[in-house]
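Undergrad: quick check, what structure comes out for this input:
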Amino acid sequence: MDYKEVLEHVDIAEYVSQYVELEEKNGELWGLSPFKEENTPSFSVNVEKQRFFDYSSNESGDTIDFIKAYNNVGFRGALNILMDFLGIKDDEDYHKRPSILNEIKKYTPKEKKAKKSEGRKILDSDCMDFYGYNKKKMKTWLDAGMTEKVLKDHKVKYNFRDDSLVFPYYDSYGNIVSICSRTLCGRAPKYLPYNKFGGVDFMYWEYQSRSYILEQNEIVILEGAKSVMVAEAYGYLNCVATLTSHLNSEQLKLLIGLNVPVVFAYDKGVDIRADKNIQKLMKFTKVQCITDKWNMLKEKDSPIDQGKDVWDFLYSKKYTV
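TA: So this is what the prediction gives:
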């Protein structure tokens with residue numbers, strides 16, 4: 001018996017109700033967050049999908065994920081707690097990871113391993129307070145379709161020392177791992193991180209948008225952080241960025257773990273079918289693509305660059321790869 005079979009023995013609502021008083025509303029169960037103090041219920045349980053979503057803390061997942069978050073333990077500790085709840089004896093067979101994780105290993109390229117992120121420096125949560133908000137300097141981004149609210153949500157600030165716009169990179173746990181600079185003077189590369197952070201084993205804005213991704217059962221992948229901000233201004237809250245024009249093996253694992261359909265919206269001219277990791281992703285979930293067959297974009301444009309009407313049209317024409 002493996003991990004998934006253990007989960008089949010428990011109803012998530014039954015387990016969670018030990019800690020949260022749940023009430024039915026619009027087909028889901030709702031209660032106060034067990035992770036943060038609040039007066040308005042923001043914690044939901046979907047019995048059909050056997051998953052929970054906590055909008056106040058962005059915690060989400062299955063029963064094991066709830067136990068991990070509530071008890072601040074790892075996978076093995078959470079599994080032991082669940083087995084105790086179910087009255088299952090400690091058997092090595094119960095500690096097997098789900099078979100899908102073995103598949104991930106099987107399809108992970110045998111290439112130079114990415115630098116481990118365990119020793120990565122985590123920046124202080126107030127690291128962006130050093131920079132200011134300069135509406136005049138942000139005009140080009142506002143003209144590109146963003147709103148001041150989106151810029152503030154993404155903590156976009158102005159660094160007067162090198163005349164650049166700066167914003168944080170978050171890993172998949174919500175930690176700030178780097179500050180990215182977008183130069184305005186034109187004398188240096190467009191985007192430049194201020195510090196090394198040991199490889200991109202995350203997707204930009206995935207942590208913040210995870211609840212929307214799971215709720216909408218779809219993730220839209222763009223190339224750059226700026227495109228994600230514009231998409232948010234257009235009302236698309238399930239968008240992330242790989243920060244390049246390909247999918248790496250760590251990002252592949254993240255997408256398999258999310259277990260939702262994936263829509264790639266890379267810049268014009270990028271053929272995702274040539275990406276080996278995207279080919280592997282197709283074995284696990286539905287993969288769709290946004291392509292400009294109508295020549296509505298300029299060369300190397302992101303599908304988001306020519307305004308909301310063009311984006312809405314291209315998104316509506318997405319097709320399965």
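
Undergrad: low pLDDT regions in the chain?
TA: 1-3, 89-119, 186-189 (pLDDT under 70).

Undergrad: for this protein, which segments count as helices?
TA: 3-7, 12-16, 63-71, 75-86, 99-107, 139-143, 148-153, 206-216, 225-233, 249-258, 276-281, 308-316 (DSSP state H).

Undergrad: relative to residue 82, how far out is the residue nearest the centre of the chain?
TA: Central residue of the chain (CA atoms, centre = their mean): residue 206, 1.6 Å from the mean position. Separation of residue 206 from residue 82 (CB to CB, to the nearest Å): 26 Å. Any C-beta I mention is one placed from the backbone N, CA and C, and that applies to glycine too.

Undergrad: so which of the helices of the chain comes closest to residue 199?
TA: helix 249-258 (7.2 Å; CB to CB).

Undergrad: for that closest one, which positions count as buried?
TA: 249-256, 258 (16 or more other CB atoms under 10 Å).

Undergrad: quick one: residue 73 and residue 81 touch, right?
TA: Yes. Between residue 73 and residue 81 there is a contact at 7.1 Å, judged by CB atoms under 8 Å.

Undergrad: okay, those two: which has more neighbours?
TA: Using other CB atoms under 10 Å as the criterion, residue 73 and residue 81 rank with residue 81 on top: 18 against 14.

Undergrad: distance of that one from residue 177?
TA: 30 Å.

Undergrad: now render the helices of the chain as CSV, adding distance to residue 41.
TA: Converted to CSV, these look like this (distance: least, CB to CB, whole Å):
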stretch, distance to residue 41
helix 3-7, 25
helix 12-16, 13
helix 63-71, 16
helix 75-86, 24
helix 99-107, 32
helix 139-143, 35
helix 148-153, 23
helix 206-216, 15
helix 225-233, 25
helix 249-258, 25
helix 276-281, 35
helix 308-316, 32
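
Undergrad: who's the residue nearest to residue 45 when sequence neighbours are not counted bridged to?
TA: Spatial nearest neighbour of residue 45, excluding adjacent residues (CB to CB, 6 or more residues apart in numbering): residue 29 at 4.2 Å. In this entry, residue 29 is beta-bridged to residue 24, residue 45, by DSSP bridges.

Undergrad: ok, residue 29 - contacts?
TA: 13, 22-23, 44-47 (CB atoms under 8 Å, 6 or more residues apart in numbering).

Undergrad: try 6 Å this time
TA: Taking CB atoms under 6 Å, 6 or more residues apart in numbering, we find residue 29 in contact with 13, 22, 45.

Undergrad: what about the first one, neighbour count?
TA: The burial metric for residue 13, expressed as a neighbour count using other CB under 10 Å, is 18.

Undergrad: how close does it sit to residue 28?
TA: 10 Å.

Undergrad: can you check the last one too?
TA: Between residue 45 and residue 28 the computed distance is 7 Å (CB to CB).

Undergrad: more neighbours, those two?
TA: More crowded of residue 45 and residue 28, by other CB under 10 Å: residue 45, with 24 against 17.

Undergrad: distance of that one from residue 81?
TA: 18 Å.

Undergrad: for the contacts of residue 29, which one is nearest residue 270?
TA: residue 45 (39.1 Å).

Undergrad: skipping its backbone neighbours, what lies nearest residue 157 in space?
TA: residue 131 (3.4 Å).

Undergrad: show me how far stretch 277-295 is from its chain's centre.
TA: 18 Å (CA atoms, centre = their mean, to the nearest Å).

Undergrad: can I assume the residue nearest to residue 157 is in contact with residue 160?
TA: No. Using CB atoms under 6 Å, residue 131 is not in contact with residue 160; the gap is 8.3 Å.

Undergrad: between those two, point out the one with more neighbours.
TA: Using other CB under 10 Å, the more surrounded residue of residue 131 and residue 160 is residue 131, with 19 against 10.

Undergrad: check contacts around the more buried one.
TA: Taking CB under 6 Å, 6+ apart, one finds 157, 159, 166 in contact with residue 131.

Undergrad: make CSV from those residues and add distance to residue 127 to it.
TA: Listed next are the contacts of residue 131 as CSV, based on distance: CB to CB, whole Å:
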residue, distance to residue 127
157, 10
159, 12
166, 10
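
Undergrad: so which of those residues belong to strands?
TA: 157, 159, 166 (DSSP state E).

Undergrad: just checking, the first one touches residue 166?
TA: Yes. Contact status for residue 157 versus residue 166: in contact at 5.4 Å, counting by CB under 6 Å.

Undergrad: quick one, domains of the protein?
TA: Here the domain parsing of the chain from automatic domain parsing is 3-97, 127-193, 206-320.

Undergrad: ranking these by burial, who's on top?
TA: domain 206-320 (a mean of 18; mean count of other CB atoms under 10 Å).
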